[in-house]
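> mind folding the following:
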Amino acid sequence: MAKPLGEKMSAARKKAFKKLNIDLSDRVIISLDGGGMRGILTIQLLKKLEEVAGIPCFDLFDMVAGTSTGGIIAGLIVKGLTATEIEEKYDELITEVFHKRPIGNRFINPPQYTKKKYRELLKDIIGYDLTLEQACRIKDLDLMITSRDMSAAEETFFTAFKQGDGPDYHGTYKDVLLRAVMESTMSAPTYFYPLERFVDGGVTTHNNPSLGAFIEAISYSTNRDENGKRKPSEYILPNVTVYSFGTGATQHFIKPTQTLNPKGNDIKFWLDWLINETSEDASNVQENSFRSLMIQNKVRYNRYQISLDPTALRKLPNCDKLDKKLYGSKWLWDLEEDSLAKVDMANLKHYPLMKIVGQQMAEYICSDNHSKNWFREDLINDHENDQLVTFSGDVTRIQKQMSDPEWLDSFPG
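Take a look at the predicted model:
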C-alpha cells in the first residue's frame, strides 16, 4: 500500500515533514542526477538530509528516481540502505565501475572500462534475481530509473508504482531485474559497452530525471480501467514535493578567442564538450520548467546543485582537507579553474575532492551563517537561479558583434 499521509502518518515521518516544511498531505519525490564518480557529492547531501529529517530516505520519500550514478544510488535506497550505508557500498562500487580494460581507450579503442567486476559486485549487493517490484516492496517505495534505448531511439523509464491500498504494482518493466536496470543506466558511451540496446540514461535529456519522474508519477503511475481510462494516481496536484539533487556541474567557460582552436586534442575536446553541455542544458530546461509560472504554483520544487568553478566554491565554508600534492594547497578556496576542469566523471583521483565539496555544500545548506535553507526550500537567489551555480555571459559584447555586418563577414567561415 502507499505510505500513509496526514494524521495517519507515523510520528517520525510527520516530524520529518514539519522540519522540512513539507505539507503533511504531499507525496514526496527525490530525483538524483547522473555524473559518474561525482555521485559521492549527492550522497553527502543525502546524509545531511537524513540527519535533519531524523529518518532515512526510504522512510521520507514516496518515490525515488535516478539516472546513471543517480540510478545506482536510487537502487540502493529502495533496497533499504541508509545514506551512510549507501556511501560504504558506493565506495566499493565506484572503484569497480571504472575498472580499466587492458587496451581500452575512449577515443582509439573504446570503451575504456569493463563492467565485469561491477556486475559481480552489484549481484552481491542487490541479489541475483531481485526485480524492481520486489525491491520496491522492501520499503514501500516507487521507483524510476532511466536508460536510453538505441534500437528504439527513445528514453526508457524503468518504473514500479504501488497502487493505493492494494497489493499490486504498476509498470511495464516492474518484473525486470533491478541490477540489470542499474547496469543499463550507467553504460555511458565510450566509457562502457552498451547493455545490448541500452546506454546511459543521461546521454540525452534525462541526466536530471526530475521532470520525467514528476510526469510519470502524475500521469502514468496507474494502470487503466475496463474503459481504457487511467485510474486515479496517488500523486495529486498540488500536493507533490520534488527534491532534485545534482552531482556538481562541470562548467566549460571557453574564451571567445579560443573557440576556433581549443586546447588539446580537438576530437576529445568536442566529444567531452557535447556530452557535458547536452546534459547540463537539458537539466537547466527542467529546472526552468519547474520554476516557471506554468508549474510553480502546482508543485513544490527544491533543487540543490553547485557548479565546479572557483566562484561557486568560494561561497562554501572553507576547509583545509584537500590533498596538497594534487592541488597545490590544502584549502578549498585555493582551487583554480585548471584543477577543477580535470574533474571528469571517471577520474577517481578527484573522488575525495567531490566528497569534500559535498560535505561543505551540505554545511552551506544547513547553516544559519550561510543559506539558512536546511532543505526547506529551493536553493535559489533573488533572480530565481541556483545560488551555487555560476553563470557567465557578456551581453554588451554579443550585442555589439552580432549587430556588426563587418565583424560577421570578416569572421572565419
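
> please make it C-alpha for all contacts and neighbour counts, starting now.
OK.

> quick check, V343 in a strand?
No - residue state for V343 (DSSP: H, G, I helix; E, B strand; the rest coil) corresponds to coil; a strand is not indicated.

> any idea of the pLDDT on it?
V343 is assigned a predicted lDDT (pLDDT) of 89.

> so Y301, which state does it fall into?
Relying on three-state DSSP, one would call Y301 strand.

> how is A160 classified with respect to secondary structure?
Applying three-state DSSP: A160 is strand.

> residues in contact with it?
A160 is in contact with 132-133, 136, 142-144, 169-171, 173-174, 221, counting by CA atoms under 8 Å, 6 or more residues apart in numbering.

> let's go with 7 Å and repeat that
Going by CA atoms under 7 Å, 6 or more residues apart in numbering, A160 touches 132-133, 142-144, 169-171, 174.

> likewise K3?
62, 140.

> quick one: least confident helix or strand in the chain?
When the helices and strands of the chain are compared on mean pLDDT, DSSP states H and E, helix 266-291 comes out lowest with a mean of 75.

> and for S147, the neighbour number?
32 (other CA atoms under 10 Å).

> likewise the one 4 residues further on?
Here the neighbour count serves as a burial measure; for S151 (other CA under 10 Å) it reads 9.

> I'd assumed R197 was in contact with it.
Yes - S151 is within contact range of R197, at 5.8 Å (criterion: CA atoms under 7 Å).

> and the most centrally placed residue in the chain, how far from E85?
Nearest residue to the geometric centre of the chain (CA atoms, centre = their mean): D33, 0.9 Å. In this view, D33 and E85 are 19 Å apart by CA to CA, to the nearest Å.

> same thing with T396?
50 Å.

> could you check which of those two has the larger neighbour count?
Residue environment comparison for T396 versus E85 gives the larger neighbour count to E85, 13 against 8, counting by other CA under 10 Å.

> in the helix or strand hosting that one, what counts as buried?
In the assignment (DSSP states H and E), E85 maps to helix 83-97. Using 16 or more other CA atoms under 10 Å as the test for burial, helix 83-97 gives 83-84, 86-87, 89-90, 93-94, 96-97.

> just checking, what packs against it?
Here helix 83-97 touches helix 39-53, helix 116-126, going by 3 or more CA pairs under 7 Å, 6 or more residues apart in numbering; DSSP states H and E.

> for the last one, what is the average pLDDT?
Summarised as a single mean, pLDDT over helix 116-126 is 95.

> strands of the protein, residue ranges please.
27-32, 63-66, 142-149, 154-162, 169-170, 198-200, 240-245, 300-304 (DSSP state E).

> any chance of these in a markdown table, plus mean pLDDT and distance to Q44?
Output for the strands of the chain, formatted as a markdown table (pLDDT from 0 to 100; distance: least, CA to CA, whole Å):
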| stretch | mean pLDDT | distance to Q44 |
| --- | --- | --- |
| strand 27-32 | 98 | 12 |
| strand 63-66 | 98 | 16 |
| strand 142-149 | 97 | 21 |
| strand 154-162 | 96 | 26 |
| strand 169-170 | 93 | 31 |
| strand 198-200 | 94 | 23 |
| strand 240-245 | 98 | 11 |
| strand 300-304 | 97 | 12 |
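
> circling back to that earlier point, what sits against the residue nearest to the residue nearest to the centre of the chain when sequence neighbours are not counted?
Excluding its sequence neighbours, the residue lying closest to D33 (CA to CA, 6 or more residues apart in numbering) is N208, at 4.6 Å. By CA under 7 Å, 6+ apart, the contact set of N208 is 32-34, 67, 283.

> columns distance to L316 on top of these, output as CSV?
Shown next, in CSV, are the contacts of N208 (distance: CA to CA, whole Å):
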residue, distance to L316
L32, 21
D33, 21
G34, 22
T67, 26
S283, 22
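
> correct me if wrong: I43 contacts E87.
Yes - between I43 and E87 there is a contact at 6.5 Å, judged by CA under 7 Å.

> how close does F61 get to N284?
From F61 to N284 the distance is 24 Å (CA to CA).

> those two: who's more crowded?
Counted by other CA under 10 Å, F61 and N284 do not tie: F61 has more neighbours, with 22 against 14.

> how about low-confidence regions in this structure?
1, 251-253, 273-281, 392 (pLDDT under 70).

> 50 - rerun?
Nowhere does the chain drop to pLDDT under 50.

> mind listing the helices for the stretch 201-350 of the chain?
210-219, 266-291, 310-313, 324-327, 337-340 (DSSP state H, counting those that start in this stretch).

> residues contacting L45?
358, 362.

> with the one 4 residues further on instead?
Applying CA under 7 Å, 6+ apart to L49 gives the contacts F375.

> please begin residue numbering at 37 from this point
Let's use 37 as the start, then, which means that last one is L85.

> ok, now how distant is it from F97?
L85 is 12 Å from F97, by CA to CA.

> N301 too?
N301 is 45 Å from F97, by CA to CA.

> again with T131
Taking CA to CA, one finds T131 at 28 Å from F97.

> burial count for D440?
The number of residues near D440, taken as other CA under 10 Å, comes to 10.

> please apply the same query to A48.
A48: 13 neighbours (other CA under 10 Å).

> and it, how far from L415?
A48 is 25 Å from L415, where distance means CA to CA.

> any chance of the helices and strands packed on helix 119-133 in JSON lines, with distance to D201 too?
Shown next, in JSON lines, are these (distance: least, CA to CA, whole Å):
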{"stretch": "helix 75-89", "distance to D201": "26"}
{"stretch": "helix 152-162", "distance to D201": "27"}
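
> most packed of these?
The highest average neighbour count among these, using mean count of other CA atoms under 10 Å, belongs to helix 75-89 at a mean of 23.

> how far off centre is that helix?
13 Å (CA atoms, centre = their mean, to the nearest Å).

> kindly report the same for stretch 165-174.
22 Å.

> quick one: contacts of it?
114-116, 178-179, 196, 205, 210-214.

> 10 Å - rerun?
37, 94, 99-100, 111-116, 159, 162-163, 176-181, 194-198, 203-207, 209-217 (CA atoms under 10 Å, 6 or more residues apart in numbering).
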